[in-house]
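Asks: Have a look at this fold, sequence not included:
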């Protein structure tokens, strides 16, 4: 049920504002966490505690020269960076941030999510081809192969959560975790989805698409100025979106742990207190998962490409299918 206290337009504006600003915030947090892990200082020059460093980076990108390869395809070269940003923005439409706090509640929200996220592969493939560079083309092909490979185990992990909710609605999936989070009843699915989310976001240890030692900068080698900035923005937006999806599918969304057992002492649905609590819980879980993304990047070395593909096809996909079958069988026995 939608909460009458907040319009869906306000939720949409707030979600998009937070997502667009998230890149600058996460970049700063990543630099701080990386500095802590590596026992160094981190950003401390631009502004107090280096807080204005992301703003300085944006200004630098704006004033850089926008270069398009002379033998490249100018139209596709310009369009390619828009795809990953647009897909990230569209994903927010079906994510519930609280009780009634969502932009839209599609009864096929999971299918919409899978369809939208699969479009991101077109951006990297177009960027690699339109640059007319062998390094960019190989980086684009590698990125496309990686994203397509890990969409399958990710989809199967999501399907295993759908079995518990018996619905394709994202809201119903969150509400099915009011007593027990998906992490507790479907731990293997949670692990598979998290690993696949790392690969889909092209984050270490799966950042093979921009392996500097092999492909210079991957599919965005020939990009500069704000076109490169859009790819940079999209990467961190996908980190935030991936964290939101992990929260939604396996960490109970906006529900506190085992909230169903003490729901009577929580604020009533449809009140400002309940809305603020839900958003705080959801953002807290999302922030923790963003920290995990950063933590993993600076502690685990990069895989080789054959290891990356072997992990996706030979290990994660069979495990995801087996997990789905086992959960379906157990639920069938329970409900029979």
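Replies: Received it, and whenever you're ready, just let me know what you need. On a predicted model such as this, the values are computed, not experimentally measured, just so you know.
Asks: Just name whatever secondary elements the one helix or strand residue 310 maps to is in contact with.
Replies: Element membership for residue 310, per DSSP states H and E: helix 305-310. When contacts are defined as 3 or more C-beta pairs under 8 Å, 6 or more residues apart in numbering; DSSP states H and E, helix 305-310 sits against helix 134-165. C-beta: built from backbone N, CA, C; applies to glycine.
Asks: Heading C-terminal from the helix it packs on, find the next helix or strand.
Replies: The first helix or strand that comes after helix 134-165 along the chain, using DSSP H and E, is helix 170-175.
Asks: Dihedrals phi and psi, residue 177?
Replies: phi -110, psi 20 (degrees, to the nearest 10).
Asks: Now the terminal residues of stretch 44-52, how far apart.
Replies: 9 Å (C-alpha to C-alpha, to the nearest Å).
Asks: An error on my part: the question was meant for stretch 89-99.
Replies: For stretch 89-99, the end-to-end distance is 21 Å (C-alpha to C-alpha).
Asks: re earlier: beyond the helix holding residue 310, next helix or strand please.
Replies: Following helix 305-310 in sequence, per DSSP H and E, is helix 317-335.
Asks: what residues does that next one touch?
Replies: With C-beta atoms under 8 Å, 6 or more residues apart in numbering as the test, helix 317-335 has contacts from 152-153, 156-157, 159-160, 163-164, 186, 188-189, 192.
Asks: again, only using 6 Å
Replies: When contacts are defined by C-beta atoms under 6 Å, 6 or more residues apart in numbering, helix 317-335 is touched by residues 152-153, 156-157, 159-160, 163, 188-189, 192.
Asks: and what of stretch 284-300?
Replies: 26, 30, 33-34, 37, 203-205, 239, 243-244, 246-247, 251.
Asks: of those residues, buried ones?
Replies: Among those, those scoring as buried are 26, 30, 33, 203-205, 239, 243-244, 246-247, 251 (criterion: 16 or more other C-beta atoms under 10 Å).
Asks: which one in these is the model shakiest on?
Replies: For the buried ones among the contacts of stretch 284-300, the minimum pLDDT belongs to residue 204; the value there is 80.
Asks: gap between it and residue 302?
Replies: Using C-beta to C-beta, to the nearest Å, residue 204 is found at 6 Å from residue 302.
Asks: same deal with residue 57?
Replies: To residue 302, residue 57 is 24 Å away according to C-beta to C-beta.
Asks: Show me which of these two is the more surrounded one.
Replies: Neighbours were counted for residue 57 and for residue 302 using other C-beta atoms under 10 Å; residue 57 has more, 18 against 15.
Asks: Now name the helix or strand holding that one.
Replies: Counting by DSSP H and E, the element that carries residue 57 is helix 53-63.
Asks: Quick check: buried residues in that helix?
Replies: 53-54, 57-58, 61.
Asks: I'd like those as a markdown table, with pLDDT and distance to residue 12 appended.
Replies: Below are those laid out as a markdown table (pLDDT from 0 to 100; distance: C-beta to C-beta, whole Å):
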| residue | pLDDT | distance to residue 12 |
| --- | --- | --- |
| 53 | 91 | 30 |
| 54 | 90 | 24 |
| 57 | 90 | 27 |
| 58 | 89 | 24 |
| 61 | 89 | 27 |
